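> next one to model:
(one chain, ligands or ions: 1)
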Amino acid sequence: MQIIILENAQQVASNAAQWVAEVIKQKTNPVLGLATGSTPISLYKLLVEKHQQAQLSFENVTTFNLDEYHNIEAENAQSYRTFMKENLFDHVNIDQEKTYLPTCRSDQNPRVQGLAYEEQIKNAGGVDLQILGIGANGHIGFNEPTSSLASRTRIKTLTKQTLQDNSRLFKKDEYQPTMAMTMGIATILDARYVLLMATGKNKAAAVKQMITGPVTAMCPASALQMHENAIILIDKDAASEL
Ligand code: GLP
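As a prediction, this is how the structure comes out:
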């Protein structure tokens, strides 16, 4: 693990943007793994700026998102597809046919849909750089504590803590999905580079467990200790318990 502690969230975003830009520039057909949540929003903003300043082209980029809610229409305001469109896809020159999110429709077998996503990642040549955030309970993607370290893309039930943490993003009477399709921990570990961003004091305990704790399914992010090229970008607050 390469741990980089920076002054603040803005520096974390700009350092992450440099890594992403580097991969896009170096690879002929770059494949990015993307994350949702509030942490990577400032990274996407910087990537859009770089694109607008003609410093970065997404023409040959393919993307795979970590996760998507169960049985949600792509057009739904709460879908992760909508999040990605609003924060990145609609503002850069990416071919949206090459932007993938795991689908999880209730009228289809989730296992088949999970395997199909794994196949799509493989056919694209695998993920070059996977962006990650971290949940306050140490989850990555929607791999909640107790997720198998060998897990692949599959359906997961979200924990009470995750539902509570994410409830701020839903209006009072809006339906909040309780299940999601997520890349597994082994899927994430297959990426050539993994870049985890964490900022703020509320992530400090999870960051500590991820870096200094044992590798355990109780803290899914601790699996990154086994990755050869894991970069952990954190601000001082997220590093405050190290
Ligand atoms: C969600 C996402 C994760 C994300 C986490 C933290 O549960 N599935 O990919 O890392 O939230 O989100 P935030 O960055 O908003 O703290």
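
> can you give me the buried ones in the lowest-mean-pLDDT helix or strand in the chain?
Lowest mean confidence among the helices and strands of the chain (mean pLDDT, DSSP states H and E): helix 160-166, at a mean of 89. Under the neighbour-count criterion of 16 or more other Cβ atoms under 10 Å, helix 160-166 has Thr162, Asp165, Asn166 buried. Every residue, glycine included, has its C-beta placed from N, CA and C.

> one more: stretch 117-136?
By neighbour count with 16+ other Cβ under 10 Å, stretch 117-136 contains the buried residues 117-118, 121, 124, 127-135.

> what about that stretch, average pLDDT?
The average pLDDT for stretch 117-136 rounds to 97.

> so Arg105 touches Val112, yeah?
No - taking Cβ atoms under 8 Å as the definition, Arg105 is not a contact partner of Val112, at 10.6 Å.

> about what we covered before: now the element after the least confident helix or strand of the chain, going C-ward?
For helix 160-166, the following helix or strand on the C-terminal side (DSSP states H and E) is strand 179-182.

> could you say what helices and strands whichever helix or strand comes after that next one packs with?
Next in sequence after strand 179-182, counting helices and strands by DSSP H and E, comes helix 185-189. The criterion is 3 or more Cβ pairs under 8 Å, 6 or more residues apart in numbering; DSSP states H and E, and there are no helices or strands that helix 185-189 contacts.

> that older thread, which of the buried residues of stretch 117-136 lies closest to the ligand?
Taking Cβ to the nearest ligand atom as the measure, the ligand sits nearest to Gly133 out of those, at 2.6 Å.

> flag every buried residue along the longest helix along the chain.
Across the chain, the longest stretch assigned as helix under DSSP state H is helix 9-26. Under the neighbour-count criterion of 16+ other Cβ under 10 Å, helix 9-26 has Ala9, Gln11, Val12, Ala13, Asn15, Ala16, Ala17, Trp19, Val20, Ala21, Val23, Ile24 buried.

> is it positioned near the ligand?
No - judged by Cβ under 6 Å from any ligand atom, helix 9-26 stays clear of the ligand, getting no closer than 10.5 Å.

> all numbers from here: first residue = 16
Sure, I'll start numbering at 16, so the last one becomes helix 24-41.

> residues in contact with the helix or strand following that helix?
Using DSSP H and E, the helix or strand that follows helix 24-41 towards the C-terminus is strand 46-49. The contact list for strand 46-49 (Cβ atoms under 8 Å, 6 or more residues apart in numbering) reads 35, 38-39, 55, 76-81, 99, 103, 136, 139-147, 198, 203, 206.

> parallel or antiparallel, list what pairs with strand 46-49.
Paired neighbours of strand 46-49 in the sheet (DSSP bridges): strand 77-80 (parallel), strand 144-147 (parallel).
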